[in-house]
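>>> Dropping the sequence and predicted coords here.
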Amino acid sequence: MPIRIPDALPATSELEHENIFVMTEYRALHQDIRTLRVLILNLMPTKLATETQIMRKLSNTPLQIEVELLRTKTHEAKNVSEHHLEAFYRTFRDVEFDHYDGLIITGAPVEQLEFEDVDYWDELVQIMDWSKTHVHSTLHICWGAQAGLYHHYGIQKYPLPQKASGVFEHTLVKPHSPLVRGIDDSFRAVHSRNTEVRREDVEACDELEIIAESDEAGLYIVKSVDSQNFFVFGHPEYDAETLRLEYERDCAHNVPVEVPKHYFPGDNPQATPRNTWRSAAQLLYTNWLNYYVYQTTPYDLREIGRDARNRSGLCL
């Protein structure tokens, strides 16, 4: 949350220069406060684990958030009961006339398919188009980030020679972005994917900016200049054991996969992994919620999208 100090205090300009969020008295007195509405489109097969991981990040902030879960109707989920889906998840038809402060689109294990070959692609496109006029800010994760860049900006994904799996060192390309406020200049983050988006393709699009990347794992955070869309190519929500479970699953199915890099102590799969990315991951979610949702969303949700520009210009 911001520090509220007198407008004319000399410390104000210095703190702002240090990328510390300062709220002036005038702004504080004129703020309207209400519960934030956040919708999670959960595309992961491990729905219970994923919803718990993301809600853990959302709950560890001082903001009051009302969370709703969304699923695609055109895909049959095999790893969760129909009772759970019926009890806790909505479909697009249930929400298409609603407005939300934030939307989170998760990853999905379909990255080796062409986008159009994914069985729920048309429905996902419908949701992403709807978000431009019904959601204030959208956070895309892993394959969801690749899908968002492809649909909104025409940016392709490319297969990797081997899976990018592990915990990698990252640096801040734009350290003064509020999105990474409080995150160390060098930090660790999780990747688990078979495809990538290339830096030169993002740089060629004037509507996008790179916030963080890894020399070893590539792009990590990209955002739209208008701050409506955020793209994170890793999995900041992952628990300490998630990569291990994925690795053991792949081994059990005879999938040729290497031991996740920089993850197990001594690169020994028998050792207990330690979570070394938790704090940076938490700040990422907290900063998105605070600076790009809470601080800028209209008090009346019906105002979202009234002045929406055409943001679907492709960067080819």
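It's in.

>>> Can I get the longest strand seen in the chain in PDB? Just the C-alpha atoms.
With secondary structure taken from DSSP state E, the chain has its longest strand at strand 158-172. C-alpha atoms of strand 158-172 as PDB (Å, rounded to 0.1, in the frame of the first residue of the first chain):
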ATOM      1  CA  TYR A 158       8.800 -21.100 -31.400                       C
ATOM      2  CA  PRO A 159       9.700 -24.600 -30.200                       C
ATOM      3  CA  LEU A 160      12.700 -24.900 -27.900                       C
ATOM      4  CA  PRO A 161      15.400 -27.600 -28.600                       C
ATOM      5  CA  GLN A 162      14.700 -28.800 -25.000                       C
ATOM      6  CA  LYS A 163      12.200 -27.900 -22.400                       C
ATOM      7  CA  ALA A 164      13.000 -24.700 -20.300                       C
ATOM      8  CA  SER A 165      12.400 -26.200 -16.900                       C
ATOM      9  CA  GLY A 166      13.900 -24.900 -13.700                       C
ATOM     10  CA  VAL A 167      14.600 -21.800 -11.600                       C
ATOM     11  CA  PHE A 168      16.600 -19.200 -13.500                       C
ATOM     12  CA  GLU A 169      18.300 -16.000 -12.600                       C
ATOM     13  CA  HIS A 170      16.700 -12.800 -14.100                       C
ATOM     14  CA  THR A 171      17.500  -9.200 -14.400                       C
ATOM     15  CA  LEU A 172      15.200  -6.100 -14.600                       C
END
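
>>> Quick one: mean pLDDT for it?
On average, the pLDDT along strand 158-172 is 97.

>>> Could you do stretch 98-117 as well?
Computed over stretch 98-117, the average pLDDT equals 96.

>>> same thing with stretch 242-252?
95.

>>> Check which residues of that stretch are buried.
Residues of stretch 242-252 classed as buried by neighbour count (16 or more other C-beta atoms under 10 Å): Thr242, Leu243, Arg244, Glu246, Tyr247. Where C-beta positions appear, they are placed from N, C-alpha and C, glycine not excepted.

>>> ok, so what distance separates the second one from Lys78?
Right, Leu243. 22 Å (C-beta to C-beta, to the nearest Å).

>>> do the same with the fourth one
Going from Glu246 to Lys78 by C-beta to C-beta gives 17 Å.

>>> OK, contacts around Tyr35?
Let me fix one detail, which is that residue 35 is Thr and not Tyr. By C-beta atoms under 8 Å, 6 or more residues apart in numbering, the contact list for Thr35 reads Gln64, Ile65, Glu66.

>>> And Asp122, by the same measure?
Asp122 sits in contact with Thr74, where contact means C-beta under 8 Å, 6+ apart.
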